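A.B. asks: No sequence on hand, only this structure:
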């Protein structure tokens, strides 16, 4: 096959196919990294991906893939972070992963997470994934309570599914309100920022 034939064949590949081939692995990597290093706006990423999928030729399939990839990536990142935290708990010298969790969890939120964990068990993980800044204190409470990785994963699975569905629905809302994808993306990102930053700002204003 000549270079001209290769170029002609490449030109016949739909642009959406190329976007999906690159986009879904990138979404998985970024969401998983965001679970390990909580500075990446993973919710906004999922909502943006849902907006783009909503405007594809096969929106249902695209949205299902966004949901599955986001949930799986979040679960993989959470389990990896919990496993690293367990190593830090067992280590005499600690670990940088455990220290990062401690820094991000205030004593008040950590005590609240411990209380909820005692009352509701691993089910509190579902709520912690949906509440802004709620995941790290609950995860740290699980680590300090020496909750086995198996039980953590059992509770974290439904939590990641609910999280991916929530931000996916935000993306569907943005995609359905506007014909232009960029407007839907702007709305979805704005809503995720309000959800993420709004409660903290409200607590600061009240304080």
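C.D. replies: Perfect, thanks for sending it. Model, not experiment: these values are computed from the prediction.
A.B. asks: Between the two ends of stretch 35-48, how far is it?
C.D. replies: Using Cα to Cα, to the nearest Å, the end-to-end distance of stretch 35-48 comes out at 17 Å.
A.B. asks: go on, stretch 125-142?
C.D. replies: The first and last residues of stretch 125-142 sit 9 Å apart, counting by Cα to Cα.
A.B. asks: With adjacent residues omitted, what lies nearest to residue 23?
C.D. replies: Setting aside the residues directly before and after it, residue 23 is nearest to residue 49 in space (Cβ to Cβ, 6 or more residues apart in numbering), at 6.8 Å. The C-beta positions use only the backbone N, C-alpha and C, and glycine is treated the same way.
A.B. asks: Tell me who's in contact with that neighbour.
C.D. replies: Under the criterion of Cβ atoms under 8 Å, 6 or more residues apart in numbering, the neighbours of residue 49 are 23, 27, 66, 70, 171.
A.B. asks: wait, which of those is closest to residue 153?
C.D. replies: Sorting those by how near they are to residue 153, with Cβ to Cβ, puts residue 70 at the top with 17.2 Å.
A.B. asks: ok, the closest one - how many residues close by?
C.D. replies: 30 (other Cβ atoms under 10 Å).
A.B. asks: how close does it get to residue 162?
C.D. replies: If you measure residue 70 against residue 162 using Cβ to Cβ, to the nearest Å, the figure is 11 Å.
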